[in-house]
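Q: show me the folded form of this:
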Amino acid sequence: MSKKHKIEIKSYRYDVRFEKLAEDFDASLREDCDEHIVEFANTFGIGYMKGINFQSGLSLQVTDVNFVNETEFHYQLGRRHPIMFIYVKEGYVEVEEIKYDYIQKVSAGEAILFAPKGDSDYSILYPANTSVKVAQVNLVRFLYLEKIECDLDTIPEPLQEMFKDTTGAKTFIISTVSDPASVNAITNLFDNQQSGLERKLHLEAYATKLITSLIRTFRVENNPNQSGYFFTKENINLINQAKNYILENIEETPTVKELSLKLGINTNKLQKGFNLLFNKSVRQFIISAKLHKAQQLIEKSDHTISEIADQLGYTNKGHFSQLFKKEFGILPSEYNIRSRTLDV
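A: Next comes the predicted model:
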């Protein structure tokens, strides 16, 4: 049985934290415009951790690792623990509130909002011999409140109370599945190849997007909408399954009834769920997905515009062109010329 590798975290500041992480993992440490990066490929495993502090108590850490041993990051940050928004892209982690013996496993495609009680340390446990990718946004409440206080009454009351609980009077935790907006943000966090100021601004934007996505999901899951529906974690998961089915079968055009029967969810609830999560009806989502697929095919294939339209089920080429222009602001023929010119 492999032994556990335990890392103590005692600083909010990533310059201090990452200097210690580099020592703990016998790793290289570098900086890029306030972003701190630890990279290693040794007896501890292989991977990297990147962390950056923004203003108003907001920070971001992106981790892509495969540890040889089970590795525990033990956080001792005093009573003013930050709120953590944790999104798992690959593998899994276990979040534990130590004093109260609470453990939450967060697997790929899942997210958790965790605000530990002030008198308890907490830890994030990474498994051994498993590729794990995690995006973690932290908010120091007493600092972030100064930024959002005037808008605090616009979010659900439980979240208002959680933000105001700056000394950790009680634990707050919710878990859910990642929605398309957060998946897009996470993908950009891991794939972003920019540097300097442009990278820093993008990282902050995507970190904020992850916070927004989880707050939105909480609102959907815990508040009745105009149709009187409540959306549970299971409902959100089914709606995301419907979204995935559409994207994986993009050349088909399933009806709402077909999707609801396939997944076992009420048709009205499915429609309302798409509007709440994606700001589109099912039909609008399908059209948008087809057009984005068309955009990819124009860029990467040798098919003609007419062939691409046929492939995606559009027999009226004029109608297809107008839909494309409405989505992207340019006709597909013009987009084809532009993309070919840029490739030269």
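Q: ok, now which ones touch the nearest residue to residue 127 once chain neighbours are set aside?
A: Using Cβ to Cβ, 6 or more residues apart in numbering and skipping the chain neighbours, the partner closest in space to residue 127 is residue 70 (6.0 Å). In short, each C-beta sits where N, CA and C put it, glycine included. By Cβ atoms under 8 Å, 6 or more residues apart in numbering, the residues touching residue 70 are 2, 3, 4, 5, 125, 126, 127, 128.
Q: alpha carbons of the strand or helix carrying residue 271, as CSV, please.
A: Assigned by DSSP states H and E, residue 271 belongs to helix 267-278. The C-alpha trace of helix 267-278 is given here as CSV (Å, rounded to 0.1, in the frame of the first residue of the first chain):
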residue,chain,number,x,y,z
THR,A,267,-41.0,17.8,-21.9
ASN,A,268,-42.0,21.1,-20.3
LYS,A,269,-39.3,20.7,-17.7
LEU,A,270,-36.8,19.9,-20.4
GLN,A,271,-37.7,23.0,-22.3
LYS,A,272,-37.6,25.2,-19.2
GLY,A,273,-34.3,23.6,-18.1
PHE,A,274,-32.7,24.5,-21.5
ASN,A,275,-34.0,28.1,-21.2
LEU,A,276,-32.7,28.4,-17.6
LEU,A,277,-29.3,26.8,-18.2
PHE,A,278,-28.4,27.7,-21.8
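Q: packing partners of that helix?
A: Helix 267-278 sits against helix 196-222, helix 233-248, helix 256-263, helix 282-300, with contacts defined as 3 or more Cβ pairs under 8 Å, 6 or more residues apart in numbering; DSSP states H and E.
Q: nearest to residue 154, out of those helices?
A: Comparing the helices and strands packed on helix 267-278 against residue 154 with Cβ to Cβ, the closest turns out to be helix 196-222 (10.0 Å).
Q: would you mark the buried spots in the closest one?
A: For helix 196-222, burial by neighbour count (16 or more other Cβ atoms under 10 Å) applies to 199-200, 203-204, 206-207, 209-211, 213-218, 220-221.
Q: do the same with stretch 275-288
A: Neighbour-count burial for stretch 275-288 flags 275, 276, 277, 278, 282, 285, 286, 287, 288 (criterion: 16+ other Cβ under 10 Å).
Q: who's in contact with that stretch?
A: Counting by Cβ under 8 Å, 6+ apart, stretch 275-288 makes contact with 179-180, 216-217, 220, 225, 231, 236, 239-240, 242-243, 246, 253-254, 256, 259, 270-271, 274, 323, 327, all of which sit outside it.
Q: that's all I had, so thanks and see you.
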